[in-house]
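1. Below: sequence and its predicted model.
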Amino acid sequence: MSQDPNQLTFLEHLDELRTRLIRAIACVLITGIAAFVFKEELFEIYKKPLLPLLEKDPDLLVVLSPIEPFLVYIKISVVTGIFIGLPFLLRELWAFLVPALSRDEKRASLPFLLAGTTCFMAGVLFCYFLVLPAALTVLHDLLPPTVNASYSMALFFNFITAMLLAFGLAFDLPVLMVLLAKLGILHPAWLARYRRYVVVGLFILAAMVTPPDPFTQVAMALPLWLLFEIGLVVSRLVIAASPVPEAESETPEAGASPESG
């Protein structure tokens with residue numbers, strides 16, 4: 001029975017949401033089970049940023065309970081399953097949201113979805129190849145000479161995953177800025193006027209989501225600053241290229257003077 005998705009009732013929308021959630025969960029389960037077959041190889045990939053330290057101390061990683069390796073392998077499989085199934089998950093999300101969007105919104109939202117995914121992956125790769133190896137070395141070197149380091153396998157995996165997620169989300173900052181500017185929620189002129197406060201806020205944010213060492217905090221704060229400036233430029237271009245509604249042209253936003261920025 002075919003039915004116009006724009007004419008679905010509230011309960012039918014809930015039923016469609018349930019169906020797509022089941023598909024998404026099934027996708028993660030299938031890809032996660034497949035990933036579990038290669039759990040040792042996948043852990044070696046997660047362990048790669050620690051290799052410089054492991055070459056000096058092969059016994060650096062330890063387990064604190066018999067079940068710890070199994071739980072880590074389960075987490076690795078789930079995370080890998082989500083990563084592999086991400087295109088399908090995004091497709092399900094897109095298919096659920098599209099009926100509620102107008103033609104212009106559909107045309108505008110797809111580039112944001114693609115740009116957000118690309119920026120997220122760029123942040124993950126930046127963290128994995130550049131930040132993590134240096135950050136782990138710096139943090140390890142902070143230990144007093146009389147202290148021997150032993151890293152829990154589970155805590156190490158949680159640390160790596162949290163760092164990758166934090167940098168991935170941070171690299172979506174320009175996409176978020178452009179989206180808010182496009183929706184008329186956050187004007188780039190306002191951001192330009194209060195740039196110094198925004199930059200301070202970015203450094204504070206970096207300090208909150210990274211380990212308490214200056215290197216890692218700066219390694220996130222500086223890219224965030226650069227991404228903010230990129231987002232500011234792109235937001236201005238988007239605003240300049242977009243037609244201004246009559247209500248907005250008559251009543252400009254408070255604090256969004258064109259001269260400020």
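-> Cool, got the structure. Here the structure is a predicted model, which is why all the values come from computation and not from measurement.
2. what's the neighbour count on the residue lying closest to F203 once chain neighbours are set aside?
-> Leaving aside its chain neighbours, F203 sits nearest to A221 (4.5 Å; criterion: CB to CB, 6 or more residues apart in numbering). All C-beta atoms are positioned from the backbone trio N, CA, C, and that covers glycine. Using other CB atoms under 10 Å, A221 has 21 other residues around it.
3. wait, isn't A221 in contact with V209?
-> No - with contacts counted by CB atoms under 8 Å, A221 stays clear of V209, the gap being 10.4 Å.
4. Okay, now the unreliable bits of the stretch 51-200 of the chain?
-> Regions of the stretch 51-200 of the chain meeting the criterion pLDDT under 70 cover residues 101, 104-106, 108.
5. now with 90?
-> Where the stretch 51-200 of the chain drops to pLDDT under 90, the residues are 56-57, 83-117, 135, 138-149, 178-192.
6. All the strands of it, residue numbers only.
-> Along the stretch 51-200 of the chain, the segments classed as strands by DSSP state E, counting those that start in this stretch run 61-62, 151-152.
7. What is the last one packed up against?
-> Counting contacts by 3 or more CB pairs under 8 Å, 6 or more residues apart in numbering; DSSP states H and E, strand 151-152 packs against strand 61-62.
8. before we move on, what about the first one?
-> If contacts are counted by 3+ CB pairs under 8 Å, 6+ apart, strand 61-62 sits against strand 151-152, helix 153-170.
9. That strand pairs with which strands?
-> Strand pairing for strand 61-62, determined by DSSP bridges: strand 151-152 (parallel).
10. Pull the distance from the partner strand to the chain's centre.
-> 25 Å (CA atoms, centre = their mean, to the nearest Å).
11. Kindly report the same for stretch 166-178.
-> On CA atoms, centre = their mean, the centre of stretch 166-178 falls 7 Å from the chain's centre.
12. Next, the buried residues of it.
-> 166-178 (16 or more other CB atoms under 10 Å).
13. Perfect, I'm done here.
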